[in-house]
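>>> What would the 3D arrangement of this be:
(one chain, ligands or ions: 2)
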Amino acid sequence: MKDQEEEKELIRAVARISRYTICIALVAVACIGILIFSLIHNGQTVSNTSRVKPATNTPTSTAGASAGNTQHAIPADTWKAPDDSTIPAGKPGEAIRYGRELIAHTAQYFGPKGSVATISNGMNCQNCHLDAGRRLFGNSYAGFISSYPKLSNRSGRVAQPAERIAECFERSLAGKTPDTSGKEVQAILAYMKWLGQKVKKGQKLFGSATGQLAYMENAADPEKGSKVYLMKCQSCHGANGEGVLAADKGTYTYPPLWGNHSYNDGAGMYRLTNFAGFVKNNMPFGATYQNPQLTDEEAWNVAAFVNSQPRPHKDQHRDWTNLNKKPIDFPFGPYIDSFSEKQHKFGPFKPINDAQKALTNKKS
Ligand code: HEC
Ligand code: HEC
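Ligands and ions are numbered 1, 2, ... in the order given. Below is the predicted model of the structure:
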């Protein structure tokens, strides 16, 4: 009797163990399945984004949830860069490719250890003209060639496209102008022509600059911006905005935001509206117009912080001599209005805008 009982007990125990084993096995299979699925899925997203990232070894974006979950629509007829298959064969094609290479890896050719000349700060044009000027809201070059030669409100003269290219060497790359008739500038021009070949003069282009953010009620606050910098920028751009040099010590993996190797105070990025719009739509690296990571306020404030830090100075007393055309966020006077340089630098911009409208209307 007792033996039989024990035997039954044993059988029950064995049955229980096998039930558990089956359960555990099923759960394990499910887990492995989920793991494999997510691995494949991740693999896809990584290769999708790496296509638009620069060829530097960039870590994945530190960006969290999208700011305000803004869902921006992109119009169907938005400009797209021409396909590489449209690059002609032979010499003309070589020039276009060389031009693109110069935009993407400018420092290798013109930086402190440049192979062509050592006339710039070590930044690449692509640091601000993302994806070699093909990215929407990333300072794209789409409309550039069709709009030149153009009357420059900054210099008051009609500028040729090669001169405009040279200006970014002097200001954004805080260096010297390359020979505008030389092979390099001509190659950049060839690339720009190829890129903007379908754009007509005067054509309105969606997302061709950096995107203009709505003005804030208050002035942008460098103090608040320093906190944004610490949390969301410092990991790549460095505690002192110095960026991160690549192993060759002549080019940057992460470009500097201030200091001796950054853009000078005559550069487009030194103006708060340009900086705020660029950062909102492109930073932390990986953010896009459709998936921004900063609120507008964070973008304005971090712009105010970065542009309050030391950087090379450019003599600009001959810029914007027609005061009616001076941008409202150009932080060096004189102005047609009576607002301070400080307000022209940090805002609030709306009162300046209103005052200038009233003044220029009165004049005409
Ligand atoms: C620090 C950021 C930065 C870097 C680096 C930079 N640019 Fe720019 N660039 C800008 C901004 C911002 C603008 C638009 C505002 C302005 O006109 O100043 C601009 C405007 C331009 C324009 C005029 C576009 C148009 O449609 O009118 C050209 C051309 C240009 N850059 C070429 C270059 C070239 C070539 C290089 C590299 C030698 C370069 N940029 C490097 C920020 C930069
Ligand atoms: C994950 C790394 C990363 C983070 C975080 C990041 N950036 Fe960048 N940033 C980059 C890279 C890489 C580039 C150059 C892009 C290229 O060359 O294609 C860049 C370019 C820039 C530029 C234009 C080039 C220059 O050096 O002036 C500005 C301005 C900028 N970042 C500002 C910011 C600000 C402000 C933040 C924080 C809100 C931020 N970035 C966060 C990686 C990062």
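>>> For stretch 196-210, give the mean pLDDT please.
Mean pLDDT, stretch 196-210: 92.
>>> neighbouring contacts of it?
Stretch 196-210 is contacted from outside by 74-75, 78-79, 82, 136-147, 274, 277-278, 281-282, 289, using CB atoms under 8 Å, 6 or more residues apart in numbering. No exception for glycine: its C-beta is placed from N, CA and C like everyone else's.
>>> Select from those every entry located in helices.
Members of the contacts of stretch 196-210 lying in helices (criterion: DSSP state H): 274, 277-278, 281-282.
>>> and the residues you listed as JSON lines, adding pLDDT and neighbour count?
Listed next are those as JSON lines, based on pLDDT from 0 to 100; neighbours: other CB atoms under 10 Å:
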{"residue": "Asn274", "pLDDT": "97", "neighbour count": "22"}
{"residue": "Gly277", "pLDDT": "97", "neighbour count": "23"}
{"residue": "Phe278", "pLDDT": "98", "neighbour count": "22"}
{"residue": "Asn281", "pLDDT": "97", "neighbour count": "28"}
{"residue": "Asn282", "pLDDT": "98", "neighbour count": "23"}
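>>> just to revisit the earlier point, and the contacts of stretch 196-210 near ligand 2, which?
Subset of these in contact with ligand 2: Phe278, counting by CB under 6 Å from any ligand atom.
>>> from the contacts of stretch 196-210, which would you call buried?
Neighbour counting with 16 or more other CB atoms under 10 Å marks 79, 136-147, 274, 277-278, 281-282, 289 as buried within the contacts of stretch 196-210.
>>> so which of the ones in helices among the contacts of stretch 196-210 comes closest to ligand 1?
Asn274 (4.4 Å; CB to the nearest ligand atom).
>>> Quick check: the closest one touching Tyr263?
No. Judged on CB atoms under 8 Å, Asn274 makes no contact with Tyr263 at a distance of 10.6 Å.
>>> what does this structure have sitting close to ligand 2?
54, 58-59, 61-62, 124, 126-128, 130, 228, 232-233, 235-237, 254-257, 263, 269, 278-279, 283-285, 294, 302, 306.
>>> Among those, name the buried ones.
Buried among the residues of the chain next to ligand 2 (16+ other CB under 10 Å): 54, 61, 124, 126-128, 130, 228, 232-233, 236-237, 254-257, 263, 269, 278-279, 283-285, 294, 302, 306.
>>> Close to ligand 1 as well: tell me which of the residues of the chain next to ligand 2 qualify.
127-128, 263, 269.
>>> quick one on the thing from earlier: could you point out which of the ones in helices among the contacts of stretch 196-210 is nearest to Gln356?
Nearest to Gln356 among these, counting by CB to CB, is Asn274 at 18.1 Å.
>>> State the distance from that closest one to Leu136.
16 Å (CB to CB, to the nearest Å).
>>> quick revisit: which of the residues of the chain next to ligand 2 fall in strands?
The strands, defined by DSSP state E, take in Tyr254 from the residues of the chain next to ligand 2.
>>> for Phe278, what are its contacts?
128, 137-139, 210-211, 269.
>>> whoops, I mixed them up, Lys350
215, 217.
>>> So for it, what's the pLDDT?
At Lys350, the pLDDT value in this model is 97.
>>> immediately after the lowest-mean-pLDDT helix or strand in the chain, which helix or strand?
Every helix and strand of the chain was ranked by mean pLDDT, DSSP states H and E. The lowest is helix 2-52, at a mean of 57. Next in sequence after helix 2-52, counting helices and strands by DSSP states H and E, comes helix 90-104.
>>> Pull out the buried residues from that next one.
95-104.
>>> same thing with stretch 166-175?
166-175.
>>> how close does Lys113 sit to Arg171?
21 Å.
>>> Ile336 now?
Taken as CB to CB, the span from Ile336 to Arg171 is 24 Å.
>>> Repeat that for Pro88.
From Pro88 to Arg171 the distance is 32 Å (CB to CB).
>>> Spatially, what comes nearest to Cys128 if we skip its sequence neighbours?
Nearest non-adjacent residue to Cys128, counting by CB to CB, 6 or more residues apart in numbering: Asn139, 5.3 Å away.
>>> got the contact list for the one you found?
The contact partners of Asn139, by CB under 8 Å, 6+ apart, come to 128-130, 133, 209-210, 278.
>>> switch the cut-off to 10 Å
With contact taken as CB atoms under 10 Å, 6 or more residues apart in numbering, Asn139 is in contact with 125-130, 133, 172, 208-210, 268-269, 274, 277-278, 281-282.
>>> Kindly report the same for Leu173.
106-107, 110-111, 119-125, 127-128, 167, 261-264, 267.
>>> now Phe110
Going by CB under 10 Å, 6+ apart, the list of residues near Phe110 reads 102, 116-125, 169, 173, 175-176, 178, 184.
>>> ChimeraX command to pick out the buried ones of those?
To isolate the buried subset of the contacts of Phe110 in ChimeraX, counting by 16+ other CB under 10 Å, use the following:
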select :102,116,119,120,121,122,123,124,125,169,173,175,178,184
